[in-house]
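**Student:** Coordinates for the following, if possible.
(2 chains)
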Amino acid sequence: MSEKMTLNFSWAVNYGIKEEMHRDPDVCLFGEEVATIGGAFGQNRGLLDEFGPERVQDTPISEATIVAMAIGAAIEGLRPICEIMFMNFLTLCADEIYNQAAKMRWMFGGQFQVPMVIKTVTAGGWGAGAHHSSSLEAWFAHTPGLKVVMPATPYDGKGLIKSAIRDDNPVLFIEPLASYRIKEEIPTEEYLVPIGKAVVKKEGNDITILSVGRMLQRAQQAVDTLAQNGINAELIDLLTVNPLDMETIYQSVKKTRRLIIIHEAQKICGIGAEIAADVSENLHEYLSAPVKRIGSHFAHMGTNQPAMDEAYLPQSNDVVKAAKDMLNYK
Amino acid sequence: MTISNEIKLELYKKMVLVRSFESEISRAFAAGELKGFYHTCLGEEALCAGTGVPLRKDDRIFTTHRCHGQTLVKGLDPRRMMAEIYGRIDGCCRGRGGSIHLADRESGCMGSNGIVGKDIAIAVGAAYAQKYRKSDAVTVAYFGDGACGTGAFHEGLNMAGVMKLPIIFVCHNNLYAQMTSIKWHCPIKNIADRAVGYGMPGQSVDGNDVFRVYESFSRALKRARVGQGPSLIEGKTFRWHGHYEGDPCKYLLEGELEKWMKKDPIKRCEKVLKMEKLLTDEEIHKIAQEAESRIKEAVEFARKSPSPGVDEVFKDILV
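**Tutor:** Here you go, the predicted model:
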């Protein structure tokens, strides 16, 4: 039996980065506040001391150039991790992600590869306000040439950051700030979580609940509540938003015939919309009820307004109700 | 600074090669053989040669839509460049990039960018890697006066300055950003004056005097190679054919183009080299013919190369 250690999400990712930086001298980390204070949320604590100022570097407030610099370094063969403090700030480097990093390989005839990680945090649920709380993964799911991952647990966080660093493509790695303190027992031995694979967290037969990012905990609650009601749900954590692992989703839906997708991003035009359309198009004859998407309202999050936040966000009860309706659907 | 005779001739030859290549693009466009947008650098050859000749193969350049001259001097084979402009499979980017997205990893041409200013910031990353690897290779970021209003310019120079990166920022100040005169887009006369704000030396030179460009650039190159950090060089120059081939240039001032054509960088260089007895009229003629012959060969190569198959759309999206 392999040895285990208990780590919270933040430390699990930290350990993953540390392992990769030991393993490969070309891995480096830069961004705002990453070095001296160990990250705006303490997520990079210890990395400067362990690897030195040439490998772990603070930058000016220049999101666009932080990402551009990672691109330039990556095409030179380094494996940079550039950090963007809050996911909302990806708007400042959207050109660099979409027009530059994601297109560089194709546009120049396959001459380059861009092995970089853009590490960012979605801070919904922290009361941080409209400019700091958004979940924008759908924007970047719409981007060929880029991979997008959203772990929700310490195990997946560590495994995915390692895979992201080793991937030869640009990878957007999205952490849920509100899940930073979640703890889990994970192996002390090295492991990877593959990009591009959704994972069945709990098997079931009656309905598939597909969760994205930190909604996993709410989805888990819904699964437990449904179990008390005699409904045996299958819970899948999407993990990779781009490219989508439709195979795992198809396999599950062929078995359960019902699919609910839950994500923190707004329901309208969220990644659930793509998955629902795809499943409806390809598994029409398997479905006992229309696919249901549960996401946030098409609105904004306020500052320090927990009640407003919860009115905006999806709840586990929304999933429970939807599941019951779908099981009664004629 | 003394420039060797060898280098003087090399500078001259490179300018002639660029002139010949760009003139052919212009001719082909006017004849309807090339369709699309071609941002030739006719008139700006001195900046291309003066900054390109001193570079090593392992140095890097990043540039813009007006990339033909710089890329040619850095070492992209004119045949593969012409094929790319013609959109053929033997082009350096397999026909996918065309005139504005030239790249050749082999010769250190790390990509010409379609988003104004963005090549500057990516170039900073290449310089970061060079410093990280403790190499004495350097990176050059080329851009125009128009890019100096972008966030990428300011962020890029700031980042390079604070990190003391081995990069040389070269501004082709041709006085127009697309069709907009610099008087509408820049509050100061010399872009180079901004250098002090980013913690680096800046120099404004006559961009049509290839020897002055070479000298200024060589100083900056030396700085970068020994870890003294970045520099900003601004060359004042002018586009002979406007923003793109076919540009009616209605925005130019009366007599402006004629005034600048009198400052032809190649003619000026010829005058000096003849005076110094480094060139005769026969040699000038021979060099021009050699350039034309290379360009002719490039056009033949391009025309013989097949168009890419449509399956090119689906390749190389991810590694």
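**Student:** In contact with the residue of the stretch 51-200 of chain B found nearest chain A, which residues?
**Tutor:** Residue of the stretch 51-200 of chain B nearest chain A, by C-beta to the nearest C-beta: B:G125 (2.0 Å). Just so you know, the C-beta spots here come from the backbone N, C-alpha and C atoms, and that holds for glycine as well. Taking C-beta atoms under 8 Å, 6 or more residues apart in numbering or on different chains as the criterion, B:G125 is in contact with A:68-76, A:80.
**Student:** Likewise for A:T36?
**Tutor:** Contact partners of A:T36, counting by C-beta under 8 Å, 6+ apart, are A:48, A:58.
**Student:** Against B:G161, how distant is it?
**Tutor:** According to C-beta to C-beta, to the nearest Å, A:T36 stands 19 Å off from B:G161.
**Student:** Poorly predicted segments of the stretch 1-150 of chain A, please.
**Tutor:** Within the stretch 1-150 of chain A, the ranges that satisfy pLDDT under 70 run A:1.
**Student:** ok, which stretches of it are strands?
**Tutor:** A:4-8, A:27-31, A:56-58, A:79-84, A:117-122, A:147-149 (DSSP state E, counting those that start in this stretch).
**Student:** would you turn these into JSON lines with distance to chain B?
**Tutor:** Output for the strands of the stretch 1-150 of chain A, formatted as JSON lines (distance: least, C-beta to the nearest C-beta, whole Å):
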{"stretch": "strand A:4-8", "distance to chain B": "29"}
{"stretch": "strand A:27-31", "distance to chain B": "7"}
{"stretch": "strand A:56-58", "distance to chain B": "8"}
{"stretch": "strand A:79-84", "distance to chain B": "8"}
{"stretch": "strand A:117-122", "distance to chain B": "13"}
{"stretch": "strand A:147-149", "distance to chain B": "7"}
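**Student:** Out of those strands, the one nearest B:K296 is which?
**Tutor:** B:K296 sits nearest to strand A:79-84 of all those, at 43.8 Å, using C-beta to C-beta.
**Student:** what secondary structure does the residue of the stretch 51-200 of chain B closest to chain A sit in?
**Tutor:** With DSSP: H, G, I helix; E, B strand; the rest coil as the basis, the three-state label of B:G125 is helix.
**Student:** Not counting its neighbours along the chain, what's nearest it?
**Tutor:** In space, and not counting its chain neighbours, B:G125 is closest to A:G72: 2.0 Å by C-beta to C-beta, 6 or more residues apart in numbering or on different chains.
**Student:** how near is that neighbour to A:D26?
**Tutor:** 14 Å.
**Student:** Compare those two (neighbour count), which wins?
**Tutor:** More neighbours surround A:G72 than the other of A:G72 and A:D26, with 33 against 20 (other C-beta atoms under 10 Å in any protein chain shown).
**Student:** close enough to count as contact, B:T63 and B:G108?
**Tutor:** No - using C-beta atoms under 8 Å, B:T63 is not in contact with B:G108, being 11.4 Å away.
**Student:** Could you check which of the two is surrounded by more residues?
**Tutor:** Neighbour tally, B:T63 and B:G108, criterion other C-beta under 10 Å: the higher count belongs to B:T63, 29 against 23.
**Student:** Residue of the stretch 1-150 of chain A closest to chain B, please.
**Tutor:** Closest approach between the stretch 1-150 of chain A and chain B, counting by C-beta to the nearest C-beta: A:G72, at 2.0 Å.
**Student:** got the contact list for that residue?
**Tutor:** Residues in contact with A:G72 (C-beta under 8 Å, 6+ apart) are B:62, B:110, B:121-129, B:139.
**Student:** of the residues you listed, buried ones?
**Tutor:** Buried members of the contacts of A:G72, scored by 16 or more other C-beta atoms under 10 Å in any protein chain shown, are B:62, B:110, B:121-129, B:139.
**Student:** Run through the neighbouring helices and strands of whichever helix or strand B:V140 is part of.
**Tutor:** Per DSSP states H and E, B:V140 falls inside strand B:139-144. Applying 3 or more C-beta pairs under 8 Å, 6 or more residues apart in numbering or on different chains; DSSP states H and E, we find strand B:139-144 packed against strand B:60-63, helix B:118-132, strand B:167-173.
**Student:** Show me how far the helix or strand just after the first one is from its chain's centre.
**Tutor:** Meaning strand B:60-63. For strand B:60-63, the succeeding helix or strand toward the C-terminus, using DSSP H and E, is helix B:68-74. Offset of helix B:68-74 from its chain centre (C-alpha atoms, centre = their mean, to the nearest Å): 6 Å.
**Student:** what do you get for stretch A:94-102?
**Tutor:** How far stretch A:94-102 lies from its chain's middle: 19 Å, per C-alpha atoms, centre = their mean.
**Student:** what does stretch A:114-131 give?
**Tutor:** 10 Å.
**Student:** what's the answer for stretch B:227-246, then?
**Tutor:** For stretch B:227-246 - counting by C-alpha atoms, centre = their mean - the centre lies 7 Å from the chain centre.
**Student:** Could I get the average pLDDT for that stretch?
**Tutor:** For stretch B:227-246, mean pLDDT rounds to 98.
**Student:** do that stretch and chain A meet at all?
**Tutor:** No - for a cut-off given as C-beta under 8 Å from any C-beta of the partner chain, stretch B:227-246 has no contacts with chain A; the smallest distance is 12.8 Å.
**Student:** Quote the end-to-end distance of that stretch.
**Tutor:** Using C-alpha to C-alpha, to the nearest Å, the end-to-end distance of stretch B:227-246 comes to 44 Å.
**Student:** Just the buried residues of it, please?
**Tutor:** Buried residues in stretch B:227-246, counted by 16+ other C-beta under 10 Å: B:229-245.
**Student:** Quick one: the helices in the stretch 1-150 of chain A, in order.
**Tutor:** Under the criterion DSSP state H, counting those that start in this stretch, the stretch 1-150 of chain A contains helices at A:9-23, A:47-51, A:63-75, A:94-95, A:102-107, A:137-141.
**Student:** which helices and strands sit right next to the first one?
**Tutor:** If contacts are counted by 3+ C-beta pairs under 8 Å, 6+ apart, helix A:9-23 sits against strand A:27-31, helix A:47-51, helix A:154-166, strand A:171-176, strand A:183-187.
**Student:** and the first one, which strands flank it?
**Tutor:** If you go by DSSP bridges, strand A:27-31 pairs up with strand A:56-58 (parallel), strand A:79-84 (parallel).
**Student:** Please identify the most buried of those strands.
**Tutor:** strand A:79-84 (a mean of 26; mean count of other C-beta atoms under 10 Å in any protein chain shown).
**Student:** hmm, who's touching it?
**Tutor:** Contacts of strand A:79-84 (C-beta under 8 Å, 6+ apart): A:17, A:20, A:24, A:26-32, A:34, A:39, A:44, A:63, A:66-67, A:69-70, A:73-74, A:90, A:93, A:115-120, A:165-166, B:125.
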